[in-house]
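In: Need a 3D model of the sequence below.
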Amino acid sequence: MFNIRRPFKLLNLSIETPQCRSHSVKISNTIQPSSKLSEEERLLFENTQIKFQIRQKEEELKKCKIKMNQCQPKIGLNIENSQQKQNVKKLQLYIKQLELELLEKGRSIEDLKKQMSLTKYQELQIEALAFQQECSKLIKQVQKLTKLLNYKSNGVNLYELYENLENQNKNLERAHKIQESVIQQFQEEQQKYKNQIEQLELDNKNLQRENKKVLQILNQNITPKQTKLLNKNDYLPEELEISKLKVKITQLQQQMIKQKNQKEKYIQHLLQIIMEKEDQIQAYEKQKVIIKEVSQPDQQTLDLKYQQCIQQIKSEHSFCEDMSFDVPPQLTLTKQISVRKKQNISEQQRSQFLELNSQIDEEANSRNLDEDELFLETEYRTKKLPKINYYDVEIIGRKLKFELQIKFIPLSYMDQIFDCTDEECQDITVEEIIQILSAEPFLIVDEKEKLLVARYLIEDNTQDYVLHNLMNSNSINIIKSVFKQLLGKYQLFSKQEKTNIEQELKGMFVKVQYKILDTLQQQSNLKNSNQKFKECTLNDFETILKSCEISLQPRQMEYLSLINFQICKQIEKLRYSELLNYFCNIQSL
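Out: Numbering: from 1, shown residues only. Next up, the predicted model:
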């Protein structure tokens with residue numbers, strides 16, 4: 001039997017031993033955070049404290065378990081004694097208390113672990129916020145760079161553009177250096193001429209002084225001798241000397257006047273040279289200032305040029321009328337009759353004209369004319385064709401309007417172009433209008449378009465069908481008015497108006513450039529159109545502008561269509577990518 005009289009003294013299970021307390025005090029003293037620490041350091045400090053407490057509690061639990069294990073065999077051996085039984089009961093109660101304490105410690109450990117995970121979670125949240133802010137900054141920078149380096153949407157190679165601008169800058173610097181050297185040369189020449197003028201003025205002053213001295217000496221020599229002369233023999237030689245001296249004085253005065261005139265002429269010549277050099281310097285300086293400006297064409301030279309064109313066209317018409325073509329006699333008859341038609345032919349002559357045309361058809365079929373003769377015959381044959389409506393020539397009229405606006409041709413020139421050289425001639429034929437449309441300033445290449453416009457200007461559109469012939473004619477005044485209706489509202493763009501419209505359109509398009517490009521690209525992808533160029537219709541472009549809350553004025557829309565016509569020579573299609581690049585890259589004033 002084992003004698004166990006003081007079990008509770010042996011089982012002194014106080015967890016907070018003095019050694020642990022002193023150790024914790026030391027650690028708390030060493031690890032105590034200062035008031036100046038930041039939030040992150042404070043959290044780290046709390047984290048280390050909690051970890052240390054967890055270790056402490058775990059050690060205490062281990063000690064308790066060891067003591068419990070020591071107590072269990074002693075209790076089993078002394079179960080028979082009543083005192084031992086009581087002790088066992090007490091120990092059991094104490095064990096239960098210890099178990100409860102153990103549970104509480106376990107819960108506190110779990111709470112501490114949760115606090116640690118919470119602090120870690122808070123730290124991770126702070127880091128995540130910092131990362132998000134940095135990522136948003138980087139995304140903004142990437143978006144800016146993609147806007148600048150938007151190769152796919154704009155089709156602009158910025159590296160080539162940079163090289164071109166750098167080459168232009170170098171060329172301008174070279175030109176600037178050359179101009180500065182020329183200006184320096186002019187300034188040196190100017191300074192040299194000024195020095196020469198100053199030298200001549202000094203010489204002139206010196207000569208004047210010398211002349212004054214000579215005159216004073218002469219006066220001094222003459223006056224005393226006049227009083228001393230008493231004899232005739234002395235008087236005569238003195239008089240001769242005086243006369244000689246007077247002659248010398250006059251000669252010297254003349255020489256002085258000549259020299260003075262020559263010097264004045266030379267000074268004027270030098271001043272004129274200086275003025276010319278100054279004008280040249282000003283011209284070079286102006287050239288430097290306006291090196292990037294585009295000068296408008298001179299109106300007078302333009303007038304002379306188109307007057308010459310008109311005279312050339314009219315001379316060609318007169319030459320064509322004088323020429324005799326090698327055609328069958330029947331064709332010459334028809335041409336003569338159709339020429340008479342210009343002078344208000346009667347209905348009887350018209351019927352004769354139709355009969356002769358039918359005779360020509362029969363004889364042509366019987367004789368098997370050559371291809372050239374058949375071509376001429378069919379060209380001058382009268383045909384019954386449907387009338388030409390405005391919508392048939394609307395697009396051609398807009399093309400003509402833009403061509404004339406690009407060439408800065410006022411509407412008054414149209415009257416001169418359609419005027420006939422012969423004052424008695426008041427009509428123009430279809431053939432003549434085709435020739436006018438082929439020449440300057442129209443230069444229509446398509447034969448079908450020329451014929452449609454000529455027929456629209458000459459033929460009567462009140463009936464559904466008309467008798468068409470190349471020799472059909474109409475009054476010049478009627479043709480002028482119909483042509484003005486075909487062009488529509490015609491007004492040239494001045495330089496100031498151009499710059500204003502360009503700046504307004506730039507301000508509108510720069511804000512929504514990428515939105516317009518994306519939407520139009522999506523539309524083209526939906527249509528599955530494999531286009532070489534990025535094109536859209538005018539209606540599509542207007543609807544997209546309305547969706548972007550942009551409304552263009554009629555004059556702005558006309559200028560936009562004019563620039564598009566300059567780019568692609570089309571009316572119905574807009575090359576939106578090139579248009580947006582043109583207006584967005586215009587230099588601001």
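In: Can I get stretch 394-406 in PDB? Just the C-alpha atoms.
Out: Extracted C-alpha coordinates of stretch 394-406, given in PDB (Å, rounded to 0.1, in the frame of the first residue of the first chain):
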ATOM      1  CA  GLU A 394     -28.400  63.000-109.400                       C
ATOM      2  CA  ILE A 395     -25.100  61.300-108.400                       C
ATOM      3  CA  ILE A 396     -23.400  62.500-111.600                       C
ATOM      4  CA  GLY A 397     -24.500  66.100-110.700                       C
ATOM      5  CA  ARG A 398     -23.000  65.800-107.200                       C
ATOM      6  CA  LYS A 399     -19.800  64.500-108.700                       C
ATOM      7  CA  LEU A 400     -19.700  67.500-111.100                       C
ATOM      8  CA  LYS A 401     -20.400  69.900-108.200                       C
ATOM      9  CA  PHE A 402     -17.500  68.500-106.100                       C
ATOM     10  CA  GLU A 403     -15.100  68.600-109.000                       C
ATOM     11  CA  LEU A 404     -15.900  72.300-109.700                       C
ATOM     12  CA  GLN A 405     -15.600  73.100-105.900                       C
ATOM     13  CA  ILE A 406     -12.200  71.400-105.700                       C
END
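In: which regions of the stretch 251-400 of the chain sit below the pLDDT cut-off?
Out: Counting by pLDDT under 70, the stretch 251-400 of the chain contains low-confidence ranges at 266, 269-270, 274, 276-381.
In: C-terminal to the helix or strand harbouring Ser524, what's the next element?
Out: Element membership for Ser524 (DSSP states H and E) is helix 495-527. Note on helix 495-527: by DSSP H and E, the next helix or strand toward the C-terminus is strand 536-537.
In: can you list contacts of that next one?
Out: Contacts to strand 536-537, defined as C-beta atoms under 8 Å, 6 or more residues apart in numbering, come from residues 520, 523-524, 572-574, 576. (C-beta placed from N, C-alpha, C; glycine too.)
In: if we go to 7 Å?
Out: Strand 536-537 is contacted from outside by 520, 572-574, 576, using C-beta atoms under 7 Å, 6 or more residues apart in numbering.
In: Tell me the one among those residues nearest to Glu447.
Out: Among the contacts of strand 536-537, Glu572 lies closest to Glu447 (C-beta to C-beta), at 20.8 Å.
In: quick one, what contacts the closest one?
Out: For Glu572, the contact set (C-beta under 7 Å, 6+ apart) comprises 395, 537.
In: can you pull the pLDDT of it?
Out: Looking at Glu572, its pLDDT reads 83.
In: go on, Lys205?
Out: For Lys205, the predicted pLDDT is 79.
In: quick one: secondary structure of it?
Out: At Lys205 the chain is in helix, as set by DSSP: H, G, I helix; E, B strand; the rest coil.
In: In a helix, Glu40, correct?
Out: Yes. Counting by three-state DSSP, Glu40 is found in a helix.
In: so Asp460, which of the three states?
Out: Three-state assignment for Asp460 (three-state DSSP): coil.
In: and it, how many residues sit next to it?
Out: If you count neighbours by other C-beta atoms under 10 Å, Asp460 ends up with 11.
In: next one: phi and psi at it?
Out: In terms of degrees, to the nearest 10, the main-chain angles of Asp460 are phi -80, psi 120.
In: what do you get for the one 3 residues further on?
Out: Dihedral angles phi and psi of Gln463 (degrees, to the nearest 10) take the values phi -100, psi 160.
In: same deal with Pro386?
Out: Main-chain torsions, Pro386, degrees, to the nearest 10: phi -70, psi 150.
In: ok, it - contacts?
Out: Pro386 makes contact with 464-465 under the criterion C-beta under 7 Å, 6+ apart.
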